[in-house]
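Novice: Model the structure of this input:
(2 chains)
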There are 2 protein chains.
Amino acid sequence: MPPRFVLYYWPIPFRAQPIRYILAYAGQSWAEPERDRVMALYKSAIVDQPVPFMGPPVLHDRQNDVWLSQAPAIASYVGKILGLMPGTTEKDALTLKVLGDCTDVLQALTRDCGALMWTDESWTSFAEHRLPRWLQIFEELGVRNGLQTNSGALLGTPQPGVADLACSALWITIWDLLPELRDVIAANAPTVLSLSQRIANTEAIDAMRAEQKARWGNVWCEGEIEASLREVLAKWAIDRSR
Amino acid sequence: MPPRFVLYYWPIPFRAQPIRYILAYAGQSWAEPERDRVMALYKSAIVDQPVPFMGPPVLHDRQNDVWLSQAPAIASYVGKILGLMPGTTEKDALTLKVLGDCTDVLQALTRDCGALMWTDESWTSFAEHRLPRWLQIFEELGVRNGLQTNSGALLGTPQPGVADLACSALWITIWDLLPELRDVIAANAPTVLSLSQRIANTEAIDAMRAEQKARWGNVWCEGEIEASLREVLAKWAIDRSR
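Specialist: Numbering: from 1, shown residues only, chains lettered A, B, ... in the order given. Below is the predicted model of the structure:
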């Protein structure tokens, strides 16, 4: 039987990774069409798109024939269907806040998807101020919501929910693929890091990570902006180790 | 009695405008603290913030003692409480998609909140390609979901919901404050425009718009990026009228 969900995204982790963590954790299989089919959908006239959208990810839920764009909308939709949303007005909203924060961190690390390239100066300023602040935002929210009880509960639920999975997808993917940032993550968000590792090491997600590594290597956001990021990161890591 | 909701945002429309449209339409009064109090919250150490956040808007729901950041999370939270979310998994998700699109349009029009300034060349390219495409995305979603039946139903509900209100807040604020863009809006999203005008002209929202105009004048996103946008817009409007 073909899988219920079809996820249209580039063959990279980046924006789709939280959605993949949710699907994998819930034991779902899903299809990811080849890059040229994603590109064709992306380039289509708006009136020909199954849901009018600017950029992927796009999800097709074949069972309900629902098409959706916008990563946070997709993550919460899939999470709702798979029983991974908290289900109270307050905690559902906090989950959306976390999903918005995840998007903003990806935006910041890629300077709005490569609108600007990194320079040593702009990177150092970001790495010393804004990036630690972002990490502290996740850490503090987690700590206040019961993460320190070690219950795997970023938002206070006994089992990982969409917020925990998105948080893990964000930081573990960075941990795995941009290892120069490990010190900053560990220093500013130690409890979020251990939650994220615990989630990333569950069987289905660990298997997905291994498969992605075999298929995609170390690619994170790809393109000129990834090259620019890796260039400043390499120099910055050497400077810091002196 | 002090109002239930307190909205911390700069004294400008921009990102908070969809939230204000929702509150006003639902007949709520709400408080907006002065700029220096918003700035103090924004600059606080993360551990001292009532909800850990990077940038405003931030909402305090005093009745439930809930603090939230991220405009789409706040809009859907307030919308849920005030009975303005559709209430089905699919339409709630489409509402979040529209809220995400609204955020992206603001991001695009301000080049990621002023990370880059506009040049005549970059503006002309944006105004001729990406901006019409954004408008067509709203138009097509609206048309498919029943907007052409003139029921005021961007997402197919008989009464305006969060998606309709956010859409109106986005495009009417641009219509009012960046009038050089009226032709592009009318040409690419005529039915979304009339829905948006109908919503913006309802009594409570119309009164709020008049009050904002009296208090804030024509400010939209403020700062250097608004100056840059107005400069390219003025030249572009002259070129187009030739």
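Novice: In contact with the closest residue to A:Arg15 other than its chain neighbours, which residues?
Specialist: Closest residue to A:Arg15 apart from its sequence neighbours, by Cβ to Cβ, 6 or more residues apart in numbering or on different chains: A:Ala71 at 5.0 Å. In short, each C-beta sits where N, CA and C put it, glycine included. A:Ala71 sits next to A:Arg15, A:Ala16, A:Pro18, A:Ile19, A:Pro57, A:Leu99, A:Cys102, A:Thr103, B:Gly100 when contact means Cβ atoms under 8 Å, 6 or more residues apart in numbering or on different chains.
Novice: could you redo the last one with a cut-off of 10 Å?
Specialist: Residues near A:Ala71 by Cβ atoms under 10 Å, 6 or more residues apart in numbering or on different chains: A:9, A:14-19, A:55-59, A:99-100, A:102-103, A:106, A:166, B:97, B:100.
Novice: Test for you: state the pLDDT assigned to A:Ala153.
Specialist: We have a pLDDT of 51 for A:Ala153.
Novice: Revised request: answer the last question for A:Ala75.
Specialist: pLDDT, A:Ala75: 98.
Novice: measure it to A:Val232 for me?
Specialist: As judged by Cβ to Cβ, to the nearest Å, A:Ala75 and A:Val232 stand 29 Å apart.
Novice: re earlier: and the contacts of A:Ala71, which are buried?
Specialist: By neighbour count, with 16 or more other Cβ atoms under 10 Å in any protein chain shown, the contacts of A:Ala71 hold A:9, A:14-19, A:56-59, A:99-100, A:102-103, A:106, A:166, B:97, B:100 as buried.
Novice: So which of the residues you listed belong to helices?
Specialist: Among the buried ones among the contacts of A:Ala71, the ones falling in helices (DSSP state H) are A:Gln17, A:Pro18, A:Ile19, A:Leu99, A:Gly100, A:Cys102, A:Thr103, A:Leu106, A:Ala166, B:Lys97, B:Gly100.
Novice: A:Ala75 and A:Val232: who's more crowded?
Specialist: More neighbours surround A:Ala75 than the other of A:Ala75 and A:Val232, with 35 against 20 (other Cβ atoms under 10 Å in any protein chain shown).
Novice: A:Pro57 is in contact with that one, correct?
Specialist: Yes: A:Ala75 lies in contact with A:Pro57 (Cβ atoms under 10 Å); the separation is 9.3 Å.
Novice: what's the overlap in contacts for these two?
Specialist: Both A:Ala75 and A:Pro57 are contacted by A:Ala16, A:Pro18, A:Ile19, A:Arg20, A:Leu68, under the criterion Cβ under 10 Å, 6+ apart.
Novice: Test my guess that the second one contacts A:Val105.
Specialist: It stands for A:Pro18. No: using Cβ under 10 Å, A:Pro18 is not in contact with A:Val105, being 11.2 Å away.
Novice: intersection of neighbour lists for those two?
Specialist: By Cβ under 10 Å, 6+ apart, A:Pro18 and A:Val105 have these common neighbours: A:Leu170.
Novice: Let me see the contact set for A:Gln49.
Specialist: By Cβ under 10 Å, 6+ apart, the contact set of A:Gln49 is A:Leu41, A:Tyr42, A:Lys43, A:Val58, A:Trp67, A:Ser69, B:Gln136, B:Ile137, B:Glu140, B:Leu141.
Novice: A:Pro190 contacts A:Phe138, doesn't it?
Specialist: No: look at A:Pro190 against A:Phe138 with Cβ under 10 Å: they stay out of range, at 11.0 Å.
Novice: So A:Pro50 sits against A:Leu41, correct?
Specialist: Yes: using Cβ under 10 Å, A:Pro50 is in contact with A:Leu41, at 7.7 Å.
Novice: Which one's more surrounded, the two?
Specialist: Under the criterion of other Cβ under 10 Å, the comparison of A:Pro50 against A:Leu41 puts A:Leu41 first, with 18 against 15.
Novice: How about the more buried one, nearest residue that isn't a chain neighbour?
Specialist: Distance criterion Cβ to Cβ, 6+ apart; nearest residue to A:Leu41, sequence neighbours excluded, is A:Tyr8 at 5.7 Å.
Novice: So which bits of the lowest-mean-pLDDT helix or strand in chain A are buried?
Specialist: In chain A, no helix or strand scores lower on mean pLDDT, DSSP states H and E than helix A:111-114, which sits at a mean of 89. Across helix A:111-114, burial judged by 16+ other Cβ under 10 Å covers A:Arg111, A:Asp112, A:Gly114.
Novice: just stretch A:77-85 next, same as before
Specialist: In terms of neighbour count (16+ other Cβ under 10 Å), stretch A:77-85 has its buried residues at A:Tyr77, A:Val78, A:Gly79, A:Lys80, A:Ile81, A:Leu82, A:Leu84, A:Met85.
Novice: which two in those are spaced the farthest apart?
Specialist: Largest separation among the buried residues of stretch A:77-85 by Cβ to Cβ: A:Tyr77 and A:Leu84, giving 10.9 Å.
Novice: anything in contact with each of the two?
Specialist: Common neighbours of A:Tyr77 and A:Leu84, using Cβ under 10 Å, 6+ apart, are A:Ile22, A:Val162.
Novice: any chance you could map the helices in chain A?
Specialist: Secondary structure of chain A, counting by DSSP H: helices at A:17-25, A:35-43, A:71-81, A:89-109, A:111-114, A:120-125, A:131-144, A:162-177, A:182-188, A:190-200, A:203-216, A:223-241.
Novice: any idea which of the ones you listed scores lowest on pLDDT?
Specialist: Mean pLDDT is lowest for helix A:111-114 among the helices of chain A, at a mean of 89.
Novice: what does it rub up against?
Specialist: For helix A:111-114, using Cβ under 10 Å, 6+ apart, the contacting residues are A:14-15, A:55, A:106-107, A:117-118, A:122-123, A:126, A:221-229, B:107-108, B:111-113, B:115-116.
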